[in-house]
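In: okay, sequence plus prediction incoming.
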Amino acid sequence: MSKSTNTLPESVAVILAAGMGTRMKSAKPKAMHPLAGKPMLRYLLDNVEQVFDKVVVVVGPDMDEVAQLAAPHQVVVQEDRLGTAHAAIQAEPYFGKGTVTILYADNPLVSKETLQKILECQQERDVDMVLMAMECVDPKSYGRIVEKKGWVRRIVETSDATEEEKKIHLCNAGVLCAEVNSFKYWLRQIENKNSKKEYYLVDAVAIAVNEGKHIKALRASEAELSGINSKSELAIAEQVVQQQLRKKAMDNGVTMLAPETVFLSADTVLEEDILIYPHVVFGPKVHVHSGVEIRSFSHLEGCEVKEGAMIGPYARLRPNAVVGKDAHVGNFVELKATTLGEGAKVNHLTYLGDTVVGRKTNVGAGTVTCNYDGVNKHKTIIGEEAFIGSDTILVAPVEIGNKSLIAAGSVITEDVPENALAFGRARQVNKTKTTK
């Protein structure tokens, strides 16, 4: 339910999410395709939940994943996909008594500010219906909105438009809002007299106009209202989302040397005074604390980086990695389910999996923790102020004590006590060459 405190009539948002998105060329429902790692439907739900009193999501048959994402909101199933008006009718029992707004899962970037404006515009004097519209630089195949004296007179599809009408850049975004009883009536008047034998929601506009009703075209940006029906349009929307995320991060005190090369996830948390070099990727569930420096070509996912740490270049932090305060993770280092203590350094060519590294420990180049025996994962524990020599293999489960030193090139299969020097390699033998 919405936490909105506005004094407007009860508001219900109906989100149409039954489309399979055949132009996506994917078995995944269109509503589940991600932007910055988050499904399209979730973007719209996040904003709708802040504005409307009730949310209803219309899904298609066998769309359990979409229904689960829509929870705990009311979900109804459109068993037969007979058009957008037919989909809206499936939600009619939940329209309530105030206003109803029809939205689309493939228009995921409609902001909460615009949604609020829709409801406010619907309450203006003489307004019977609100239609969302956008000024398109290239209208493409969008329906053109023809206005007269500030009111919508008709929507002309591109295929039916005259040359003069094709010059119109005000286009239909599909979102409609009206008083519930009127909306129910208009929905019932829509017919399927078209080549596809489908019931189109846009026909409600023509029906209302013919009855002398006043329809207001509420304008918002093309970036906010554009529909996503193909992978190329998904990529365009991704650019919009990435620009928004980068701007938000920089407004909050993050420095990006080449913002257009940095890719964020919707849930990325970046604190102030972080320096990010070009070509860095943030997967889901990343929290970076203040004062961190992340160098080029690093990839972070499901991890936490604490104050003052240095990452990269060419570092990979995988899920459940925690990099401690002032720790260093250098080039071609990969961490998985590993915690680095404060001031620890892993600077070169190393893999640490299921490992705990103590404070101020130095892990040399080429070190590998062998955490998997083919059946189970095992932990490696390295104490504080230890030194792991280059090209060391640590075969888990194993524990290295505080201030211990592991000789370079060792294979360590047993625990090493504190303050010990461990060798785990074959003895070197030098022999004199014989010449003939």
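Out: Right, received. Where do you want to start?
In: please count neighbours and contacts with C-alpha atoms only from this point.
Out: OK.
In: now the strands for the stretch 151-300 of the chain?
Out: Assigned by DSSP state E, counting those that start in this stretch, the strands in the stretch 151-300 of the chain fall at 151-156, 170-179, 215-220, 255-256, 269-270, 275-276, 281-282, 287-288, 293-294, 299-300.
In: quick one, which of those is nearest to H73?
Out: Taking CA to CA, strand 170-179 is the member of the strands of the stretch 151-300 of the chain nearest to H73, at 19.5 Å.
In: relative orientation of that closest one and strand 215-220 in degrees?
Out: Angle between the axes of strand 170-179 and strand 215-220 is 120 degrees (criterion: axes from the mean of the first three to the mean of the last three CA atoms, to 10 degrees).
In: what about Y200, neighbour count?
Out: 20 (other CA atoms under 10 Å).
In: that one and N192 touch, don't they?
Out: Yes. Assessed by CA atoms under 8 Å, Y200 is found in contact with N192 at 7.5 Å.
In: redo the strands of the stretch 151-300 of the chain as TSV? Include distance to N331, mean pLDDT and mean neighbour count.
Out: As requested, the strands of the stretch 151-300 of the chain are exported to TSV (distance: least, CA to CA, whole Å; pLDDT from 0 to 100; neighbours: other CA atoms under 10 Å):
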stretch	distance to N331	mean pLDDT	mean neighbour count
strand 151-156	57	94	19
strand 170-179	47	95	24
strand 215-220	45	96	22
strand 255-256	20	98	19
strand 269-270	22	98	18
strand 275-276	15	98	19
strand 281-282	15	98	20
strand 287-288	18	98	22
strand 293-294	11	98	25
strand 299-300	11	98	24
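In: and of these, who's closest to T101?
Out: Using CA to CA, these put strand 170-179 closest to T101, at 4.2 Å.
In: what sits against G37?
Out: Contacts here follow CA atoms under 8 Å, 6 or more residues apart in numbering; on that basis G37 touches S265, A266, G283, P284.
In: repeat for T392
Out: Neighbours of T392 in contact, by CA under 8 Å, 6+ apart: G364, G366, T367, V368, I406, A407, A408, G409, S410, V411, I412.
In: distance of the third one relative to F423?
Out: Computed as CA to CA, to the nearest Å, the T367 to F423 distance reads 14 Å.
In: higher neighbour count, those two?
Out: Using other CA under 10 Å, the more surrounded residue of T367 and F423 is T367, with 25 against 16.
In: I'd say that one and T350 touch.
Out: Yes. With contact defined as CA under 8 Å, T367 and T350 form a contacting pair (4.9 Å).
In: what packs against the worst-scoring helix or strand of the chain on mean pLDDT?
Out: Using mean pLDDT, DSSP states H and E, helix 163-166 stands out as the lowest-scoring helix or strand of the chain, at a mean of 86. Applying 3 or more CA pairs under 8 Å, 6 or more residues apart in numbering; DSSP states H and E, we find helix 163-166 packed against strand 144-148.
In: give the buried residues for the strand it packs on.
Out: Buried residues in strand 144-148, counted by 16 or more other CA atoms under 10 Å: R144, I145, V146.
In: mind giving me the packing neighbours of it?
Out: So strand 144-148, by 3+ CA pairs under 8 Å, 6+ apart, packs with strand 151-156, helix 163-166, strand 170-179.
In: now do 6 Å
Out: strand 151-156, strand 170-179 (3 or more CA pairs under 6 Å, 6 or more residues apart in numbering; DSSP states H and E).
In: including distance to A309, could the ones you listed go into JSON lines?
Out: Shown next, in JSON lines, are those (distance: least, CA to CA, whole Å):
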{"stretch": "strand 151-156", "distance to A309": "57"}
{"stretch": "strand 170-179", "distance to A309": "46"}
